[in-house]
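# Sequence below, structure please.
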Amino acid sequence: MPSPDLKKVLSWLARNLSPRTGEPLDIPPGIEGALFWRVERIREDTMAMAWLVLRMVMDPPGPARTAIIQRLLQVFAVDPTPAVLRAMPEQLVELLDSPEPEVRYLAARLVDARETPAAIPGLRRGLGDSDYMLRRTCLQALRSAGLPPDAVVPHLRSERLVEREAALELCGRPLPELLRRELWRLLEDPAVSVRYRAAERLGADPEAPGLCAVALDMVRTGGERSSRAYAIRLLGRLGLRTDALPVLLEALRSGEDEFVRVAAAEVLGVLAPDVTEVADALVAALKDGWDGVGIASARALASRGATTESVIPRLLAALADRKLPERTRGQVALTLAQLGVREAVPELLRQLTLPDRVLHEHECEPYQSEDMRGASTPQLKLAVMRALGELGEPARAALPALFAKARAGVMEARLEAARALVLLGTAPAEVRSLLQDLPLSGEKGEQLLELFGLLKP
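Numbers count the residues shown, from 1 in each chain. A predicted model of the protein is given here:
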């Protein structure tokens, strides 16, 4: 038989887990031995979890309680369900200030701040805790509760670095003006991590004093690639500044991370395509060891302008360079086509004949690897057919290949080839005859035909 204390626990469980009818639940026999169940079995039994938590709350310190805490850490290594949170005892709030870090962590993980406002002060104190996992857990709980801006401000002004860092994650967009001003102040924080996080939270705020300077510093020394790439794109949104150009060029030329180099190429193409030094750097980046950088550089060079067109001879040389990855060469050909260069046509036609690289499961874009050599992608071929159609008269040599693509293959590719044929002067009625086996009848079919410019007489 359970001891009197355990009877009290069982009685509480019966009341707290009763259905809405108010009728008490039957306590399953043997639940007092739940500590010794397998973790998976405990997770499947809400009453067993509530039983162990209440034991942690009520039992005096000792080996038994320590064993319960360790088992609960295993059980709640996965997120508890809303039903489990509803079954937790109110006494958990008191444990948010426990001297035991593991108990504080479990209390923060299991208390529902939305339903238990009394937990918010303890969770706020947890933002300054020395334990990283506890800070993260308190942060998640407070985020779900929707802490008002005036409650966040004291944490942003805390003397403890970890508390300021955690509070910044409570500053979601759109930023209330109160928090926006606080983030402006934090752009001058003595801690680099706080300055960087404040800049990320502000985004492209044109009025934020010192934001561009912080972004430039992030590009130079931002550490993680995501932070540096974000800072580069932030500079692009803030507009061209003379002090940004050398930093972006250095990131493109010698950035250790390929994603940083890609971001630099994209932003330079937007901000300064007509600057000679930028055009030269983008042409040089076509030979980057990662083809994503070459592709981004080729796209950036598509911006029209006297300086960009002056690099056409070097683009043609890159087009003939068989050492370049196929996707990079294909993008160079697309860039030349956008600039109206007829010499791009043979390479565009060659791209249509290459085998497609099959994407692996869960892969939306092909990564560079050995099997990308000599291969293309369906997305690139669609862009090639689109470019041929828009190039006009110089691309009429592609008509036989486009007729072949319109007759067979997947629907999207056939429609794209059909559109190119119409743009190159083929009668829409003749082109539609190539698509008779496609399901293009009815309203949806007409919408597709109209989208691809095939409804004209």
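# alpha carbons only for contacts and neighbour counts from here, please
Noted.
# packing partners for the one helix or strand residue 297 maps to?
For residue 297, the host element (DSSP states H and E) is helix 291-300. On a contact count with 3 or more CA pairs under 8 Å, 6 or more residues apart in numbering; DSSP states H and E, helix 291-300 meets helix 258-271, helix 276-284, helix 326-338.
# From residue 243, how far out is residue 261?
Using CA to CA, to the nearest Å, residue 261 is found at 18 Å from residue 243.
# whoops, residue 401 was the one
Counting by CA to CA, the separation of residue 401 from residue 243 is 49 Å.
# who's more crowded, these two?
The residue with more neighbours, out of residue 401 and residue 243, is residue 401; 14 against 11, by other CA atoms under 10 Å.
# element containing that one, please.
Taking DSSP H and E as the criterion, residue 401 maps to helix 399-407.
# TSV for the helices and strands packed on helix 291-300, including distance to residue 110?
TSV is the format used below for these (distance: least, CA to CA, whole Å):
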stretch	distance to residue 110
helix 258-271	38
helix 276-284	53
helix 326-338	50
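# would a markdown table of the ones you listed with mean neighbour count, mean pLDDT and distance to residue 451 be doable?
Putting the helices and strands packed on helix 291-300 into a markdown table (neighbours: other CA atoms under 10 Å; pLDDT from 0 to 100; distance: least, CA to CA, whole Å) gives the following:
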| stretch | mean neighbour count | mean pLDDT | distance to residue 451 |
| --- | --- | --- | --- |
| helix 258-271 | 24 | 92 | 29 |
| helix 276-284 | 20 | 91 | 34 |
| helix 326-338 | 25 | 92 | 21 |
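# Looking at those, which is nearest to residue 235?
helix 258-271 (8.0 Å; CA to CA).
# Okay, now the unreliable bits of the stretch 251-400 of the chain?
304-308, 357-376 (pLDDT under 70).
# Using the three-state scheme, assign the nearest residue to residue 203 once chain neighbours are set aside.
Using CA to CA, 6 or more residues apart in numbering and skipping residues adjacent in sequence, the residue nearest residue 203 is residue 234, 6.9 Å away. Under DSSP: H, G, I helix; E, B strand; the rest coil, the three-state class of residue 234 is helix.
# State the pLDDT value of residue 234.
Per-residue pLDDT puts residue 234 at 93.
# Thought residue 239 was touching residue 271, still the case?
Yes. Checked against CA atoms under 8 Å, the pair residue 271 and residue 239 is within contact range at 6.8 Å.
# would you list every one of the helices in the stretch 51-200 of the chain?
63-75, 82-86, 101-110, 120-126, 132-145, 149-156, 161-168, 177-186, 192-202 (DSSP state H, counting those that start in this stretch).
# Ignore what I typed, I meant the stretch 301-450 of the chain.
Assignment of helices within the stretch 301-450 of the chain using DSSP H, counting those that start in this stretch yields the ranges 306-309, 312-319, 326-338, 345-353, 378-391, 399-407, 411-423, 428-433, 442-451.
# Quick one: closest of the ones you listed to residue 57.
Residue 57 lies closest, by CA to CA, to one member of these: helix 378-391, at 58.6 Å.
# Return the distance of the closest one from the chain's centre.
When distances are taken as CA atoms, centre = their mean, to the nearest Å, helix 378-391 is centred 28 Å away from the chain's centroid.
# just stretch 104-117 next, same as before
28 Å.
# Kindly check the end-to-end length of it for me.
For stretch 104-117, the first-to-last residue distance is 17 Å (CA to CA).
# Buried residues in that stretch, which are they?
104-114 (16 or more other CA atoms under 10 Å).
# Now do the helix holding residue 297 and helix 312-319, the angle between them.
With axes from the mean of the first three to the mean of the last three CA atoms, to 10 degrees as the basis, helix 291-300 and helix 312-319 are set at 150 degrees to each other.
# between helix 291-300 and helix 258-271, how many degrees?
Angle, helix 291-300 to helix 258-271, by the same axes, to 10 degrees: 0 degrees.
# got the angle between helix 291-300 and helix 276-284?
Calculated by the same axes, to 10 degrees, helix 291-300 forms an angle of 140 degrees with helix 276-284.
# List the buried residues in stretch 283-293.
Across stretch 283-293, burial judged by 16+ other CA under 10 Å covers 283-288, 290-293.
# Same list, these, but as JSON lines with distance to residue 330 please.
Below are the buried residues of stretch 283-293 laid out as JSON lines (distance: CA to CA, whole Å):
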{"residue": "283", "distance to residue 330": "15"}
{"residue": "284", "distance to residue 330": "16"}
{"residue": "285", "distance to residue 330": "15"}
{"residue": "286", "distance to residue 330": "11"}
{"residue": "287", "distance to residue 330": "13"}
{"residue": "288", "distance to residue 330": "15"}
{"residue": "290", "distance to residue 330": "15"}
{"residue": "291", "distance to residue 330": "11"}
{"residue": "292", "distance to residue 330": "12"}
{"residue": "293", "distance to residue 330": "13"}
